[in-house]
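Participant: Here is a sequence together with a model predicted from it:
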Amino acid sequence: MIASLSSAVSTAPSFPTRPLPARTGAGVAAADGAPAGEATADGPPVAAAGGQEKGQLSEADRQRLQSLQRSDRQVRAHEMAHVAAGGSLVRSGASFSYAIGPDGQRYAVGGEVAIDTSPGRSPEETLDKAARIRAAALAPADPSPQDRQVAAMATRMAMQASMELALRRDGTAGTAAAADSRPAGAATVAAYAGVAATTGDAPAAAIDLFA
């Protein structure tokens with residue numbers, strides 16, 4: 001999962017790997033009868049005291065071990081996809097939570113990657129940043145619900161930036177149009193004034209038409 005770090009928000013929501021029966025966090029711990037470890041930085045599996053040798057495992061334990069090994073591979077691949085896509089937005093490497101297998105080894109059953117999700121300094125920068133946040137959130141083959149929430153947040157951020165750009169363009173265009181219309185209006189008034197002078201009509205009526 002991705003943990004988003006925003007300069008405007010003190011909390012750090014995360015991109016969790018999608019919960020899968022018998023493959024993630026509490027599900028694995030409950031199925032295997034072993035508590036999941038606390039979320040820590042990645043490291044090599046550490047054998048727990050009392051673990052059975054692989055050759056001494058029962059058939060049920062071997063199946064649980066295979067499930068944990070599969071979970072470990074998938075969780076690590078998921079988080080590495082976030083890291084690779086996040087690039088300079090990544091604020092910390094992947095961290096993992098673990099469960100102890102029947103062989104006494106630690107296996108990753110959950111993880112997160114912290115990224116910066118604050119807006120840019122301009123609408124243009126925000127648009128670019130929002131696209132990168134969304135790409136990082138949806139990089140894994142199986143985005144978690146939290147991943148999709150972060151992607152949706154990035155989409156909203158991009159929409160807001162696009163609206164700001166549109167308002168800015170409209171304001172600039174309106175100012176330019178007003179500036180362009182002043183000389184033309186003055187010339188038109190002068191022309192009507194000339195016609196009025198030759199016909200004896202007062203120029204005020206012509207000017208009022210363009211007031």
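Facilitator: Perfect, thanks for sending it.
Participant: quick one: residue 60 and residue 125, what's the gap?
Facilitator: Using Cβ to Cβ, to the nearest Å, one obtains 55 Å as the distance from residue 60 to residue 125. Just so you know, the C-beta spots here come from the backbone N, C-alpha and C atoms, and that holds for glycine as well.
Participant: now do residue 75
Facilitator: Distance, residue 75 to residue 125, by Cβ to Cβ: 33 Å.
Participant: More neighbours: these two, which one.
Facilitator: When residue 75 and residue 125 are compared on other Cβ atoms under 10 Å, the one with more neighbours turns out to be residue 75, at 28 against 12.
Participant: Need the three-state assignment for the nearest residue to the more buried one once chain neighbours are set aside.
Facilitator: Counting by Cβ to Cβ, 6 or more residues apart in numbering, residue 75 lies nearest to residue 108, which is 4.3 Å off, once chain neighbours are set aside. With DSSP: H, G, I helix; E, B strand; the rest coil as the basis, the three-state label of residue 108 is strand.
Participant: Which residues does residue 108 form beta bridges with?
Facilitator: In this structure, residue 108 has the following beta-bridge partners (DSSP bridges): residue 98.
Participant: Would you mark the buried spots in the helix or strand encompassing residue 124?
Facilitator: Take DSSP states H and E as the rule and residue 124 turns out to sit in helix 123-137. Within helix 123-137, the residues that count as buried by 16 or more other Cβ atoms under 10 Å are 123, 126, 127, 129, 130, 132, 133, 134, 135, 136, 137.
Participant: check contacts around the third one.
Facilitator: When you say that, I think you mean residue 127. The neighbours of residue 127, taking Cβ atoms under 8 Å, 6 or more residues apart in numbering as the test, are 120, 158, 161, 162, 165.
Participant: do that again at 10 Å, thanks
Facilitator: Contact criterion Cβ atoms under 10 Å, 6 or more residues apart in numbering gives 119, 120, 157, 158, 159, 160, 161, 162, 164, 165 as the residues in contact with residue 127.
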